[in-house]
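In: no sequence for this one, just the structure:
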């Protein structure tokens, strides 16, 4: 059974929509962080180039939401990679 809703041919926006198709509504900042990290993972950005820096001031609700979106993307990518390895 396939748990992941990701496909390597998706754009970051399509992948984010698939990830968020189940669950609660999320903020604009959450979506931005999620899409940023999914784009990074799905489109082969080099790991040593560094991730995009959070565009919001640390300690704000916006920064917390953006970083939570990044964490969600990492979780979904790990789940996708685990599924692919088991095929």
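Out: Received the coordinates, thanks. In this text, all values refer to a predicted model and were calculated from it rather than measured experimentally.

In: and the helix ranked longest in the chain, what does it pack onto?
Out: Across the chain, the longest stretch assigned as helix under DSSP state H is helix 61-86. For helix 61-86, the contact count by 3 or more CB pairs under 8 Å, 6 or more residues apart in numbering; DSSP states H and E identifies helix 12-19, helix 28-42 as packing neighbours. All C-beta atoms are positioned from the backbone trio N, CA, C, and that covers glycine.

In: in JSON lines, list those helices along with mean neighbour count and mean pLDDT.
Out: What follows is these, written out as JSON lines (neighbours: other CB atoms under 10 Å; pLDDT from 0 to 100):
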{"stretch": "helix 12-19", "mean neighbour count": "20", "mean pLDDT": "85"}
{"stretch": "helix 28-42", "mean neighbour count": "21", "mean pLDDT": "89"}
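
In: output the ones you listed in TSV; the columns should cover distance to residue 55.
Out: Supplementary listing: these in TSV, determined by distance: least, CB to CB, whole Å:
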stretch	distance to residue 55
helix 12-19	16
helix 28-42	8
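
In: quick one, the longest helix of the chain and helix 28-42 angle?
Out: 30 degrees (axes from the mean of the first three to the mean of the last three CA atoms, to 10 degrees).

In: any buried residues in helix 61-86, and which?
Out: By neighbour count, and taking 16 or more other CB atoms under 10 Å as the criterion, the buried residues in helix 61-86 are 62-70, 72-73, 76-77, 80.

In: list the contacts for residue 37?
Out: Neighbour list for residue 37: 51, 69-70, 73-74, 77 [criterion: CB atoms under 8 Å, 6 or more residues apart in numbering].

In: I'm done for today, thanks for sticking with me.
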